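Peer 1: Build me a structure from this.
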Amino acid sequence: MTSVLRDIYNNVFEFVRTFGAFQLFFLRLVRHSPRMLLRRPGLVIKQVYNTGALSLVIIMVCGFFVGGVLALQGYANLARFNAEDSVGTVVALALIKELGPVITALLFAGRAGTALSSEIGLMKATDQLSAMEMMAVNPVRRVLVPRFVGGVISMPLLVAVFTCIGLFGADVVAVYLLSVDVGAFWQQMQLSVDIKDIQEGIFKSIVFGIVASLLAVWEGYNAIPTAEGVGRATTRTVVITAIAVLILDFMITAVML
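Peer 2: Residues are numbered from 1 along each chain as shown. Sure, this is the predicted structure:
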């Protein structure tokens, strides 16, 4: 019984310690972010390219087919009530409020998040971060902050691209394959989608961008400096980001409703 209580105490203590260190780490990134944007914008632009532009292909392909699937499913279900013209509304609301931010965040974690964590972890394993400290260069400000800010900037842009391509895919499937009237498709969408729906999608994309980028740089920076440690950090980045995104999505949706 004593050993069980000791294990529980150690686990709780370790969780609290890690959570506190995580918060302090986030505050350090936030404190250095404005200075990085003003003094070294080139580093941030480079990371926006690495995390955002290089993820466009997978975002656009997935967005197109997600929109197409939503159109097929929406048409099949709305046809039971003779409301096929409302398929555009269903697809738009689903993409703008839920699927656009969530799926983009999951794809971001799988592509850009793993790249960030493995890159930082490899720099730690090869003592590049230690070498920066020896030369009086702050590795957090020089390496982590540009990657964090670049990811935060990239996420809303990727969500916008995903949503637009998804609507295009839905238009192709609904109008050209299922013969839904194009005027009714877009008119119903414009009448039903409110500015609050768009604001909810933008807010979620910003929150998910902060979470995904923060977890990626955190796991990479705290990875065990071995090949196994870097691989484990990469895996943890995807798993923890996916769980965090889905939990936050539920919480934000519940609050906004």
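
Peer 1: where exactly do the helices run in this protein?
Peer 2: 2-39, 41-51, 56-78, 87-94, 100-108, 114-125, 128-134, 139, 145-171, 182-192, 195-221, 227-256 (DSSP state H).

Peer 1: contact partners of the second one?
Peer 2: Okay, so that is helix 41-51. Contacts of helix 41-51 from elsewhere in the structure, counted by C-beta atoms under 8 Å, 6 or more residues apart in numbering, are 36-37, 108, 112, 115-116, 146-147, 149-151, 153-154, 213. C-beta: built from backbone N, CA, C; applies to glycine.

Peer 1: what's the most distant pair in those?
Peer 2: Farthest pair in the contacts of helix 41-51 (C-beta to C-beta) is Leu37 and Ala115. Separation: 21.6 Å.

Peer 1: same for the helix or strand bottoming out on mean pLDDT in the chain, what does it pack against?
Peer 2: The helix or strand with the lowest mean pLDDT-type score in the chain, counting by mean pLDDT, DSSP states H and E, is helix 2-39 (a mean of 82). For helix 2-39, the packing partners by 3 or more C-beta pairs under 8 Å, 6 or more residues apart in numbering; DSSP states H and E come out as helix 41-51, helix 145-171, helix 195-221.

Peer 1: Kindly calculate the angle that it makes with helix 41-51.
Peer 2: Taking axes from the mean of the first three to the mean of the last three C-alpha atoms, to 10 degrees, helix 2-39 and helix 41-51 form an angle of 120 degrees between their directions.

Peer 1: quick check, distance from helix 2-39 to the centre of its chain.
Peer 2: Relative to its chain's centre, helix 2-39 lies at 21 Å (C-alpha atoms, centre = their mean, to the nearest Å).

Peer 1: just stretch 86-93 next, same as before
Peer 2: Remark: stretch 86-93 is offset 23 Å from the chain centroid, using C-alpha atoms, centre = their mean.

Peer 1: for the record, mean pLDDT for that stretch?
Peer 2: For stretch 86-93, the mean pLDDT works out to 90.

Peer 1: Give me the residues contacting it.
Peer 2: When contacts are defined by C-beta under 8 Å, 6+ apart, stretch 86-93 is touched by residues 67, 70-71, 74-75, 78, 166-167, 170-171, 174, 178, 180, 184-186, 188-189, 191-193, 197.

Peer 1: still on that earlier bit, and the helices of the chain as CSV, adding mean neighbour count?
Peer 2: Putting the helices of the chain into CSV (neighbours: other C-beta atoms under 10 Å) gives the following:
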stretch, mean neighbour count
helix 2-39, 12
helix 41-51, 17
helix 56-78, 19
helix 87-94, 24
helix 100-108, 25
helix 114-125, 22
helix 128-134, 14
helix 139, 18
helix 145-171, 24
helix 182-192, 15
helix 195-221, 21
helix 227-256, 16
